[in-house]
Structures are given as structure tokens and as C-alpha cells.
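1. For reference, the sequence and a predicted model appear below.
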Amino acid sequence: MDIYFTGMLTGLALIVAISAQNAFVLRQGIRREHVLVVVAICTAADALLITVGTLGIGSVVERAPWLLTALRWGGVAYLVWFAIESFRSALSSHSLTADDAVGPGGSLRKVALTTLALTFLNPHVYLDTMVMLGNLANQHGDQRWTYTLGAITGSVLWFPALGLGARALAKPLNRPGTWRAVDIGVGGVMLLVALRLVVAG
């Protein structure tokens, strides 16, 4: 159990930090817009990447810096676009109510694709889940899958708590200024994450 909880706490420590993915989950939760789909995609993606890392495939990422570079610049471009769309949404009448606020998303397909893009176009996702958690898991020998299960549990706990918790606050926050603030805040986070990706390179 010690190894299980160590994996869970390590996984939580890596995903709780402010990120584009977390900002989007929070945004969708407050807007009550396809929250369960967003939460499911984020959780499944983490579980997949952590498992792949434990299997040792994370070493491929370490040996292919050009892949991370391509992902980094693709992520920067997407994050900047998303930030611009969020600012535009904040200035439009669509940001006045939860039902009308669509911004960069709206339909189930668009929201799902946005979630996938924000997840897999971020090179830090691969470094944190596949490389770091994968390496840490394999340091526990025969107990590596116990550690892996703990790390996955961290994601299973975090994303529903973030998305559904924000959803529960949607009704009391249903004011014109709130939706503008959400869009501006999310746009700001996207720009900061994009800047961090540029500087990290």
C-alpha cells in the first residue's frame, strides 16, 4: 500500500499544477459543457501514457528529441490560437450565459478534439507521465504495477473532482461577468503555458 500511495501522490503532484489541460477542464466544468467527455478523455489519456511509460516505451521519447520539439511548437501554435479564441469569446455576447457560451469548442466533436489536442500536443505530458512516472514505476521492480495503479488513481481522482466540482459551482456563478472572467483567465493560462513551452526550448 505504501508503494500504491506513493504512486498516487506523485501522480497528483504532477497533474495538479496549473496547465492548459486543467484550465480547459475547469472551463468546461463551469460552463457545464460536455464535462463528462472531457474528464473521461483526460483520465484515459493519463492512464494510457502512464501504462506505456511503465512498459518502458518512455525511453523512445527520451531518444527522439526532434519529436518533442515538433510537439512543442505544435502545442505553442495551438495554445496561442486557443487563447485568442477565448479572448474573442470574452468580448462577444456569447460569453453572457452558460448555455450560449461556446468559445473555442461548443459541439461535442469540437470539445473532444480540443481536449485531445491540449493533452497530446503538450510535450510535458510525455515527460511527466511516460518518462518520469514510467521510470519511477520501474524502480520498484516487481511492484511497478502497484505504483502505476497508484499514479493512475491520482488522475482518476483529480479530473472528475476538478470538472464536476466546477460544474457544481456553475449555477451560483451564472453571471455575465463570470463568463468573461473565465474566458479571460483561460486565455491567460494558455498564453502562459505557450510562453513556458517556448522558453523551455
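-> Perfect, thanks for sending it.
2. Can you read off the pLDDT for residue 22?
-> On the pLDDT scale, residue 22 is placed at 85.
3. Start at 4, not 1
-> Taking 4 as the first residue, the last one we looked at is residue 25.
4. which residues touch it?
-> Applying C-beta atoms under 8 Å, 6 or more residues apart in numbering to residue 25 gives the contacts 18, 19, 165. Backbone N, C-alpha and C define where each C-beta goes, glycine included.
5. In this structure the first one contacts residue 52, no?
-> No - shown here, residue 18 and residue 52 do not form a contact pair, counting by C-beta atoms under 8 Å, at 11.1 Å.
6. coming back round to it: lowest-confidence member of the contacts of residue 25, which is it?
-> pLDDT is lowest at residue 19 among the contacts of residue 25; the value there is 76.
7. what about it, how many neighbours?
-> 13 (other C-beta atoms under 10 Å).
8. do residue 191 as well
-> Using other C-beta under 10 Å, the number of residues around residue 191 comes to 14.
9. I'd like the distance between the nearest residue to it once chain neighbours are set aside and residue 119.
-> Once flanking residues are discounted, residue 191 sits nearest to residue 86: 7.4 Å by C-beta to C-beta, 6 or more residues apart in numbering. Residue 86 sits 18 Å away from residue 119, going by C-beta to C-beta, to the nearest Å.
10. Please state the offset of the longest helix along the chain from the chain centre?
-> Secondary structure of the chain per DSSP state H: the longest helix is helix 68-94. Chain-centre distance of helix 68-94: 13 Å, with C-alpha atoms, centre = their mean, to the nearest Å.
11. repeat for stretch 130-148
-> The chain centroid and the centroid of stretch 130-148 are separated by 20 Å under C-alpha atoms, centre = their mean.
12. Tell me the buried residues in that stretch?
-> Across stretch 130-148, burial judged by 16 or more other C-beta atoms under 10 Å covers 130-137, 139-141, 143, 147.
13. Next: stretch 35-49.
-> If you call a residue buried by 16+ other C-beta under 10 Å, then stretch 35-49 has these buried ones: 35-38, 40-46, 48-49.
14. Likewise for stretch 78-88?
-> Neighbour-count burial for stretch 78-88 flags 78, 79, 81, 82, 83, 85, 86, 88 (criterion: 16+ other C-beta under 10 Å).
15. Of all the residues you listed, the one with the weakest confidence?
-> Lowest pLDDT within these is found at residue 78 (72).
16. helices and strands around the longest helix of the chain, which ones?
-> Contact here means 3 or more C-beta pairs under 8 Å, 6 or more residues apart in numbering; DSSP states H and E; on that basis helix 68-94 packs against helix 111-123, helix 126-128, helix 179-203.
17. and if we set it to 6 Å?
-> Contacts defined by 3 or more C-beta pairs under 6 Å, 6 or more residues apart in numbering; DSSP states H and E place helix 68-94 against helix 126-128, helix 179-203.
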